[in-house]
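Colleague: what follows is a predicted structure for the sequence shown.
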Amino acid sequence: MKLFVDTGSVRDVEALAAIGILDGVTTNPSLLAKESGDYRQILKQICQIVKGPVSGEVVATDTAGMVREGRDLAGIDPYIVVKVPFTKDGVKACKTLSSEGTRVNVTLIFSATQAWLAAKAGASYVSPFVGRLDDIGATGMTVVREIVDIFDNSEYTTEVLVASVRSPIHVIEAARMGADVVTVPPAVIEQCFKHPLTDIGLERFLKDWEKAQGAKV
Ligand code: G3P
């Protein structure tokens, strides 16, 4: 399963890319709104760092506007994937952009039928929002399982990109279900690294080593 980071922060992307575990980046208007500077410059910088798929989202809501913005975003860098919302206009824009060879990530997916329709329109990625489904008392990962099953039984090459991730448990479940990609906020990636027993274990190894060195002199 590929790991993308869900952020608009160049600094976060740099830090994770330096570890060598990052396959791509997803941004959205809310994430980029938190950053200072021109969003096109930010996306360009991110593409240069990660050298993998970087999703930039349109803000138009009509097909013509989405296609216009999508073409503009795609012109920033070859690594850009154009993110469009799952609406009828968005699906139509996905069809146009993907027919032109632009990779499209259809976002705000909350059901398996939405994912299937986006795949039919040539989406390269569909982004089911698991955390937001959990927030309303549904089970986000159930939708992911349905989408993975549907795509496994079909000819679509669309990748399942699990989004709106809130915890390492979402990451584990996504991997076990066979999702292609998980996009994870930096704070949750940090949680994936952490285990108190690792810290305690390392501290004990180093103390024992130090003690033994002292005993030898
Ligand atoms: O980038 C889209 C998605 O990951 C948003 O997550 O936490 O705002 O529901 P969240």
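Modeller: The structure has been received and is ready for your questions. Numbers count the residues shown, from 1 in each chain.
Colleague: quick one, what contacts L22?
Modeller: Contact partners of L22, counting by C-beta atoms under 8 Å, 6 or more residues apart in numbering, are 3-5, 13, 16, 50, 52. To be clear about C-beta, it is placed using only N, CA and C from the backbone, and glycine gets the same treatment.
Colleague: how about a cut-off of 6 Å?
Modeller: The neighbours of L22, taking C-beta atoms under 6 Å, 6 or more residues apart in numbering as the test, are 16, 50.
Colleague: what are the ranges of the strands in the protein?
Modeller: Using DSSP state E, the strands found in the chain span residues 2-6, 24-26, 54-57, 80-85, 104-109, 125-128, 159-162, 181-184.
Colleague: now the residue nearest the centre of the chain: how far from N105?
Modeller: Most central in the chain under C-alpha atoms, centre = their mean is T183, positioned 2.7 Å from the mean C-alpha point. Distance, T183 to N105, using C-beta to C-beta, to the nearest Å: 10 Å.
Colleague: one more: V217?
Modeller: From V217 to N105 the distance is 60 Å (C-beta to C-beta).
Colleague: compare those two (neighbour count), which wins?
Modeller: N105 (28 against 4; other C-beta atoms under 10 Å).
Colleague: got the contact list for the closest residue to M66 other than its chain neighbours?
Modeller: Counting by C-beta to C-beta, 6 or more residues apart in numbering, M66 lies nearest to A93, which is 3.7 Å off, once chain neighbours are set aside. The neighbours of A93, taking C-beta under 6 Å, 6+ apart as the test, are 63, 66-67, 84.
Colleague: tell me which of these fall in helices.
Modeller: Members of those lying in helices (criterion: DSSP state H): 63, 66-67.
Colleague: just these that are near the ligand?
Modeller: Filtering the ones in helices among the contacts of A93 for neighbours of the ligand using C-beta under 6 Å from any ligand atom leaves an empty set.
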